[in-house]
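J.: model this:
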Amino acid sequence: MPIVVNLDVMMAKRKMSLNELSEKVDLTLSNLSILKTGKAKAIRFSTLEALCKALECEPGDLLEYKK
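T.: Next comes the predicted model:
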């Protein structure tokens, strides 16, 4: 898939665990895991907004296009 989710990279930069992020954005661990592993087919803007707020980043920090 040409869209790569760099959630794990941003979590590492912020030294945040999956459990901690799950609590901050009010998403289940399984849903965050699907995003983290790149298996998600879509993401809601509200989820993207919550992730950006919790990780103090921009959407472009989390999503990347690769040919």
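J.: helix, strand or coil for Cys57?
T.: Counting by DSSP: H, G, I helix; E, B strand; the rest coil, the backbone at Cys57 sits in coil.
J.: just give the closest residue to it, not the sequence neighbours.
T.: Met10 (5.5 Å; CB to CB, 6 or more residues apart in numbering). From N, CA and C alone the C-beta is placed, and that goes for glycine too.
J.: who's in contact with the one you found?
T.: By CB atoms under 8 Å, 6 or more residues apart in numbering, the contact set of Met10 is 55, 57, 61-62.
J.: so which helix or strand takes in it?
T.: helix 7-13 (DSSP states H and E).
J.: now Ile43
T.: Counting by DSSP H and E, Ile43 is found in no helix or strand.
J.: surely it and Leu35 touch.
T.: Yes. With contact defined as CB atoms under 8 Å, Ile43 counts as touching Leu35 (6.8 Å).
J.: who touches both of these two?
T.: Counting by CB under 8 Å, 6+ apart, the residues touching both Ile43 and Leu35 are Val5.
J.: rewinding a little: would JSON lines of the contacts of Met10 with pLDDT, distance to Asn6 and neighbour count be doable?
T.: Formatted as JSON lines, the contacts of Met10 follow (pLDDT from 0 to 100; distance: CB to CB, whole Å; neighbours: other CB atoms under 10 Å):
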{"residue": "Leu55", "pLDDT": "97", "distance to Asn6": "10", "neighbour count": "19"}
{"residue": "Cys57", "pLDDT": "97", "distance to Asn6": "9", "neighbour count": "16"}
{"residue": "Asp61", "pLDDT": "96", "distance to Asn6": "7", "neighbour count": "16"}
{"residue": "Leu62", "pLDDT": "96", "distance to Asn6": "6", "neighbour count": "19"}
